[in-house]
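Q: sequence and predicted model, in that order:
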Amino acid sequence: MSTTTRAAVVESGGAPFTLADVELAEPGPHEALVRVVATGLCHTDLGVASGGLPFPLPGVLGHEGAGVVEEVGSAVTGVAPGDHVVLSFTSCGDCRNCRGGHPAYCATWLPLNLIGGRRADGSSTISRDGEPLGGHFFGQSSFAERALVDERSLVKVDPDVPLESIAPLGCGVQTGVGAVWNVLKPRLGDTVVVLGAGAVGLSAVMAAALTPATRIIAVDKIAERLMLAKELGATHTVNAGQADLGETLAVLTDGHGADGIVETTGSVAVLRQGADALAARGTLVVVGAPPFGSEVALDVNGLIPGRRIEGLTLGDSETQSFIPALVQLVKEGRLPLHRLITTYPFTDIDQAVRDMSAGKAIKPVLTF
């Protein structure tokens, strides 16, 4: 039995989101039907909607969903109807990285999540008037009242925590937090620099504040975001529009450089400045993604003193253990995610996109 639901469809690259009735396929053995309660809007959604990635359009995006399970496939064991779930990325579960606890580096990650638009077997999850649409986005396509979700995208969470307050955990927050906790792992006395104070960057600031790092420096060009970064745990802020980043970081780190840097802007110029600001044995985590094919020049001898540059997908998180822990921290007020969130009714998705693009909203969350 297929399910008809209302979804935000992108007809072609650069087109706005338009609401339309679509049909969801019947849940396969390892899928669940989820009633979406809230879903975050992320720059990745906007990048795909703009036509910047080879995802099949027309299609349904959305990859920070949260909702309630309504129906499960015959082989699903981890969740049952009525469970509250946060939706995250999917993975095959069987390759070397999945088995090793690194599902964000799944051998089939790109087609399964970002550019395939279909299930692993090539079948379609969403159609309109009998024509398949691009779907299965991060195993969920949650810009819809109902979503057909891969079992490996489902994370069961505490039902006492409001879903609109934790929807962004599936991508943006997990990415920023994971950059700090899973890669940098700051030690006592470390300096952590976060380049870009958007949702991912501010998540990294909040995560760094929960470590023994003693200096947490947030960098952005928007004064309001730097003020918020201070309130969320940054010890210093740098307005990159008003100060020379390299010189300022040298002063703030007493000439030693930064032990850990999280690059969230996707600007290759900023990435290069970050690489040059590292301390010996320091690590730069690359999170922000410029257009496919972008390259950056590096000073090779500058890397010789043990400086590392590490790329990162989705915080390198094992979602089943990572996301429930984040939910607990949100519940206890130790990860004040609400400071980043602006909620919009689902029907106002285009307004949310405009506010996010204009820098007015850090993390829009659409509610149903």
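A: Ah, there it is.
Q: you'd agree residue 128 is up against residue 18?
A: No. With contact defined as CB atoms under 8 Å, residue 128 does not count as touching residue 18 (11.2 Å). To be clear about C-beta, it is placed using only N, CA and C from the backbone, and glycine gets the same treatment.
Q: ok, residue 225 to residue 234 distance?
A: As for residue 225, its distance to residue 234 is 10 Å (criterion: CB to CB, to the nearest Å).
Q: common neighbours of residue 128 and residue 18, please.
A: Jointly contacting residue 128 and residue 18 under the rule CB atoms under 8 Å, 6 or more residues apart in numbering are residue 9.
Q: so for these two, which sits in the more crowded spot?
A: Using other CB atoms under 10 Å as the criterion, residue 128 and residue 18 rank with residue 128 on top: 16 against 13.
Q: can you pull the phi and psi angles for that one?
A: phi -140, psi 120 (degrees, to the nearest 10).
Q: for it, list each beta-bridge partner.
A: Counting by DSSP bridges, residue 128 is bridged to residue 131.
Q: residues contacting it?
A: Neighbouring residues of residue 128 by CB under 8 Å, 6+ apart: 9, 20-23, 58.
Q: care to break the protein down by domain?
A: 3-156+336-367, 176-313 (automatic domain parsing).
Q: in a markdown table: those, plus mean pLDDT and distance to residue 325.
A: Output for these, formatted as a markdown table (pLDDT from 0 to 100; distance: least, CB to CB, whole Å):
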| stretch | mean pLDDT | distance to residue 325 |
| --- | --- | --- |
| domain 3-156+336-367 | 96 | 11 |
| domain 176-313 | 97 | 10 |
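Q: turn the ones you listed into JSON lines, columns for distance to residue 322.
A: Shown next, in JSON lines, are the domains of the chain (distance: least, CB to CB, whole Å):
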{"stretch": "domain 3-156+336-367", "distance to residue 322": "9"}
{"stretch": "domain 176-313", "distance to residue 322": "7"}
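Q: quick one: closest of those to residue 165.
A: domain 3-156+336-367 (5.9 Å; CB to CB).
Q: now do the end-to-end distance for the closest one.
A: 20 Å (CA to CA, to the nearest Å).
Q: quick one, phi psi at the closest residue to residue 268 other than its chain neighbours?
A: Once flanking residues are discounted, residue 268 sits nearest to residue 296: 4.4 Å by CB to CB, 6 or more residues apart in numbering. Torsion angles at residue 296 (phi, psi; degrees, to the nearest 10) stand at phi -140, psi 140.
Q: isn't residue 296 up against residue 273?
A: No. Counting by CB under 8 Å, residue 296 does not reach residue 273; the two are 10.4 Å apart.
Q: the more surrounded of the two?
A: residue 273 (19 against 14).
Q: so the more buried one is in which element?
A: Element membership for residue 273 (DSSP states H and E) is helix 268-276.
Q: tell me the buried residues in that helix?
A: 268, 270-276 (16 or more other CB atoms under 10 Å).
Q: using PDB, write down the CA coordinates of it.
A: Presented in PDB, the C-alpha positions along helix 268-276 are these (Å, rounded to 0.1, in the frame of the first residue of the first chain):
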ATOM      1  CA  VAL A 268      39.500  27.500   0.000                       C
ATOM      2  CA  ALA A 269      41.100  30.900   0.900                       C
ATOM      3  CA  VAL A 270      39.900  30.500   4.500                       C
ATOM      4  CA  LEU A 271      41.100  26.800   4.500                       C
ATOM      5  CA  ARG A 272      44.600  28.000   3.500                       C
ATOM      6  CA  GLN A 273      44.600  30.600   6.300                       C
ATOM      7  CA  GLY A 274      43.600  27.900   8.700                       C
ATOM      8  CA  ALA A 275      46.400  25.600   7.600                       C
ATOM      9  CA  ASP A 276      48.900  28.400   8.000                       C
END
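Q: check contacts around residue 211.
A: Contact analysis of residue 211 by CB under 8 Å, 6+ apart lists 180-181, 185-186, 190, 192.
Q: buried ones among those?
A: In the contacts of residue 211, burial by neighbour count holds for 180-181, 186, 190, 192, counting by 16+ other CB under 10 Å.
Q: how about the helices in the stretch 101-250 of the chain?
A: Assigned by DSSP state H, counting those that start in this stretch, the helices in the stretch 101-250 of the chain fall at 109, 172-178, 199-209, 223-231, 245-252.
Q: run a quick neighbour tally on the closest residue to residue 227 other than its chain neighbours.
A: With CB to CB, 6+ apart as the criterion, residue 227 has its nearest non-adjacent residue at 7.9 Å, and that residue is residue 237. By other CB under 10 Å, 21 other residues sit near residue 237.
Q: list the contacts of residue 237.
A: Counting by CB under 8 Å, 6+ apart, residue 237 touches 217-220, 226-227, 229-230.
Q: could I get these in a markdown table, plus columns for distance to residue 1?
A: Putting the contacts of residue 237 into a markdown table (distance: CB to CB, whole Å) gives the following:
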| residue | distance to residue 1 |
| --- | --- |
| 217 | 54 |
| 218 | 50 |
| 219 | 52 |
| 220 | 49 |
| 226 | 52 |
| 227 | 52 |
| 229 | 49 |
| 230 | 53 |
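Q: between these, which sits nearest residue 309?
A: Minimum separation from residue 309 among the contacts of residue 237 (CB to CB) is found for residue 219, which lies at 17.4 Å.
Q: what about that closest one, neighbour count?
A: The burial count for residue 219: 30, using other CB under 10 Å.
Q: which ones are touching it?
A: Taking CB under 8 Å, 6+ apart, we find residue 219 in contact with 193-197, 237-238, 240, 245.
Q: identify the residue nearest it in space, chain neighbours excluded?
A: Excluding its sequence neighbours, the residue lying closest to residue 219 (CB to CB, 6+ apart) is residue 238, at 4.6 Å.
Q: what about that neighbour, how many residues nearby?
A: The tally of other residues near residue 238 (other CB under 10 Å) stands at 22.
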